[in-house]
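**Q** below: sequence and its predicted model.
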Amino acid sequence: MLPDVPWLTAIGLVPLLGVLGVAVVPRGQDELAKKVALGFSLVALALTVGLVSEFEVGEAGFQLVESHQWIAQLGISYKVGVDGISLVLVALSTFLVPIVILASWHQADRVRSYLGLILALETAMVGVFVALDLILFYVFFEAMLVPMYFLIGSFGGERRVYAAVKFFLYTLFAGLLMFVAILGLYFLSRQQLGTGTFDYEQLLTLDISDGVQKAMFLGFFVAFAVKVPLFPFHTWLPDAHTEAPTGGSVLLAGVLLKMGTFGFLRYSLPLFPEASRDFAPYVMVLGVIGILYGALVAMVQKDLKRLVAYTSIAHLGFIVLGTFAFTTQSGAGGVLYMVNHGISTGALFLIIGFLYDRRHTRLISEYGGVAKTMPVLAGSFLIAGLSSLALPGLNGFVSEFLVLVGTFSRTKTLGVLATLGIVLAALYVLIAYQRTMQGPITVEANRHLVDLSLRERFVIAPMIVLIIALGVYPKPVLDIITPSVEAVLERVGETDPAPAVEEAGFEAGFELGSDK
């Protein structure tokens, strides 16, 4: 153990230093700027490896905590720490950023600005997952909007300004509701503890009445539901994904959407346990609606990127369902799903980006027979697609199976409905693959496509390796996640139900708070 090393501060600070490093690169030396950005992102990844090595697996509490007074008069501190849930998401963030930078090596327009935004976004992402002070969390949660807004608005497609503004307004105003709830917690802490604080661990000790809990839960819930996005708060996502540059889409799907599902686990459930139990049936229903709606709409999309965007709504519905089923299996599966979705969907967006670089179109009708000229890309597309539809042996299966098993033990009705999403996923993935990669070449331009370059193979290879590795042997990641999930369930006052749970439990109001 090296307890004196400020691992979390270092991981968040290195990308910010990378922004400065890229900024001082002279104009016209874009290759140097790319190397500088890639170097800093790899340092952050290396520090994350060190962080994982220092983490005590099996411990449920926060580790490697750093705490310093920030604004003492207001009870605001710089306090960061990780548990199993946040650790795997920090690792996912620092893993994806160097891949995004390497995938964007062909970027020729305002290179330094683009790279600076990617690195600034990495700092905000890490900050969200490690913050243990609610004001610090809120600062990172909202700060993330700025680099993503400019990535979409400055480097996106034809309707980039519309998509960027829609994304910004949706998430900003939803976040303001959470800020009001945070202030409410501050005033309660001043009444009950004698001094106002935003310290997360101290706020867990508050005694909050049922009515106040419900109001505060809704403030946090709307902010996180928009970020997920949970149906019916989802309308900003397809536009943002479609118009964002490839790197922006990878980070949006891979990490930023998880800030909502992470927020449920970190804040909504532990801070407002009674309200969480009361609202759980309704949130689970919204999750299932998202699963089915996202899958059905994905099936009729003509744009590849928009198709994958709608699949994210379906996949995040599974995560929400698992989170609010309140079982260890479903909760651990939901957190693992966050990681697996980031890898498989990130890989799909990268592959679509490679196609777009060659053909400058994402319309499914413009492809067909691509496997004949681009076998490596087609094979990568197939593996990522099969992971997305949860084929056994690939990473998507493990997390989806755990979520469904845990959900079935709560309510068979929603479990069966959610399972239909797997059937629909097989349809939209295989149909899209058949129409783009298989069959005869009907568009002459597709006869001359060049398969993945060496750089592009280096980009996609780590994603494919993880898709297979986490599908075959997910135990190390689950060992990290599970104790923290169990701690959240204990806080909510839930234990796993007996294997035979009466279906009438859900029909009669799904009384999650009852003794088992």
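**A** Yep, that arrived. Residues are numbered from 1 along each chain as shown.
**Q** can you classify residue 382 by secondary structure?
**A** helix (DSSP: H, G, I helix; E, B strand; the rest coil).
**Q** quick one: neighbours of the residue nearest to it when sequence neighbours are not counted, just the number.
**A** If the residues on either side of it in the chain are set aside, residue 382 comes closest to residue 433, at 6.1 Å by C-beta to C-beta, 6 or more residues apart in numbering. Every residue, glycine included, has its C-beta placed from N, CA and C. By other C-beta atoms under 10 Å, the residues close to residue 433 number 19.
**Q** do residue 73 as well
**A** Count around residue 73 with other C-beta under 10 Å applied: 7.
**Q** can you tell me how far it is from residue 228?
**A** Distance, residue 73 to residue 228, by C-beta to C-beta, to the nearest Å: 35 Å.
**Q** who are the packing partners of the strand or helix carrying the residue nearest to residue 382?
**A** Assigned by DSSP states H and E, residue 433 belongs to helix 412-437. Applying 3 or more C-beta pairs under 8 Å, 6 or more residues apart in numbering; DSSP states H and E, we find helix 412-437 packed against helix 273-299, helix 304-324, helix 370-373, helix 375-388, helix 395-408, helix 504-507.
**Q** dump those into a markdown table; add distance to residue 14 and mean pLDDT as well.
**A** Rendered in a markdown table, the data for these read as follows (distance: least, C-beta to C-beta, whole Å; pLDDT from 0 to 100):
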| stretch | distance to residue 14 | mean pLDDT |
| --- | --- | --- |
| helix 273-299 | 35 | 93 |
| helix 304-324 | 28 | 92 |
| helix 370-373 | 38 | 92 |
| helix 375-388 | 29 | 94 |
| helix 395-408 | 28 | 92 |
| helix 504-507 | 47 | 36 |
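**Q** check these for me and report the most buried one.
**A** helix 304-324 (a mean of 27; mean count of other C-beta atoms under 10 Å).
**Q** between helix 273-299 and that one, find me the angle.
**A** Put simply, helix 304-324 runs at 150 degrees to helix 273-299, going by axes from the mean of the first three to the mean of the last three C-alpha atoms, to 10 degrees.
**Q** next, the angle from helix 304-324 to helix 412-437.
**A** Going by the same axes, to 10 degrees, helix 304-324 makes 160 degrees with helix 412-437.
**Q** please report phi then psi for residue 204.
**A** Taking degrees, to the nearest 10, you get phi -60, psi -20 for the backbone angles of residue 204.
**Q** that one contacts residue 490, correct?
**A** No. When contacts are counted by C-beta atoms under 8 Å, residue 204 is not listed as touching residue 490 (11.8 Å).
**Q** ok so, going back, could I get the helices and strands packed on helix 412-437 as CSV with distance to residue 343?
**A** Shown next, in CSV, are the helices and strands packed on helix 412-437 (distance: least, C-beta to C-beta, whole Å):
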stretch, distance to residue 343
helix 273-299, 19
helix 304-324, 12
helix 370-373, 22
helix 375-388, 8
helix 395-408, 6
helix 504-507, 33
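**Q** looking at those, which is closest to residue 155?
**A** helix 304-324 (14.5 Å; C-beta to C-beta).
**Q** and that closest one, what does it pack against?
**A** Using 3+ C-beta pairs under 8 Å, 6+ apart, helix 304-324 is in contact with helix 236-243, helix 258-263, helix 273-299, helix 328-359, helix 395-408, helix 412-437.
**Q** can I get the ones you listed in TSV including distance to residue 50?
**A** Listed next are the helices and strands packed on helix 304-324 as TSV, based on distance: least, C-beta to C-beta, whole Å:
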stretch	distance to residue 50
helix 236-243	33
helix 258-263	22
helix 273-299	35
helix 328-359	19
helix 395-408	24
helix 412-437	37
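**Q** check for me that residue 65 belongs to a strand.
**A** Yes. Under three-state DSSP, residue 65 sits within a strand.
**Q** excluding covalently adjacent residues, which one is nearest to it?
**A** residue 81 (3.7 Å).
**Q** give the contact list for that neighbour.
**A** 8, 62-66, 130, 132 (C-beta atoms under 8 Å, 6 or more residues apart in numbering).
**Q** now the buried members of these.
**A** 8, 62-64, 130, 132 (16 or more other C-beta atoms under 10 Å).
**Q** now, which of those sits nearest residue 39?
**A** residue 8 (20.6 Å).
**Q** which residues does the host helix or strand of the closest one contact?
**A** Using DSSP H and E, residue 8 sits in helix 7-23. With contact meaning C-beta under 8 Å, 6+ apart, helix 7-23 is reached by 33, 36-37, 39-41, 43-44, 47-48, 50-51, 54, 64, 66, 80-82, 90, 94, 97, 112, 115-116, 119-120, 122-123, 126-127, 130.
**Q** go again using 6 Å as the cut-off
**A** 33, 36-37, 40, 43-44, 47-48, 51, 64, 66, 80, 112, 115-116, 119-120, 122-123, 126-127, 130 (C-beta atoms under 6 Å, 6 or more residues apart in numbering).
**Q** distance between the following helix or strand past that helix and the chain's centre?
**A** Proceeding N to C from helix 7-23, the next assigned helix or strand is helix 30-54, under DSSP H and E. On the basis of C-alpha atoms, centre = their mean, to the nearest Å, helix 30-54 sits 20 Å off its chain's mean C-alpha point.
**Q** same check, this time on stretch 398-410
**A** The answer for stretch 398-410 is 19 Å, by C-alpha atoms, centre = their mean.
**Q** relative to residue 360, how far out is the residue with the largest distance to the centre of the chain?
**A** In the chain, the residue that sits farthest from the middle, by C-alpha atoms, centre = their mean, is residue 444; the gap is 38.3 Å. Separation of residue 444 from residue 360 (C-beta to C-beta) stands at 15 Å.
**Q** what does residue 377 give?
**A** For residue 377, the distance to residue 360 - C-beta to C-beta - is 16 Å.
**Q** same thing with residue 97?
**A** For residue 97 relative to residue 360 (C-beta to C-beta), the value is 26 Å.
**Q** tell me the secondary structure for residue 56?
**A** Following three-state DSSP, the label given to residue 56 is coil.
**Q** look up the closest residue to it, ignoring the ones flanking it.
**A** Nearest to residue 56 is residue 63, by C-beta to C-beta, 6+ apart, at 6.1 Å.
**Q** which strand residues bridge the one you found?
**A** residue 82 (DSSP bridges).
**Q** and the helices in the stretch 101-250 of the chain?
**A** Counting by DSSP state H, counting those that start in this stretch, the stretch 101-250 of the chain has these helices, from start to end: 111-130, 134-143, 145-155, 160-193, 200-203, 210-227, 236-243, 246-251.
**Q** nearest to residue 319, out of those helices?
**A** The closest of the helices of the stretch 101-250 of the chain to residue 319 is helix 210-227. By C-beta to C-beta, the value is 11.4 Å.
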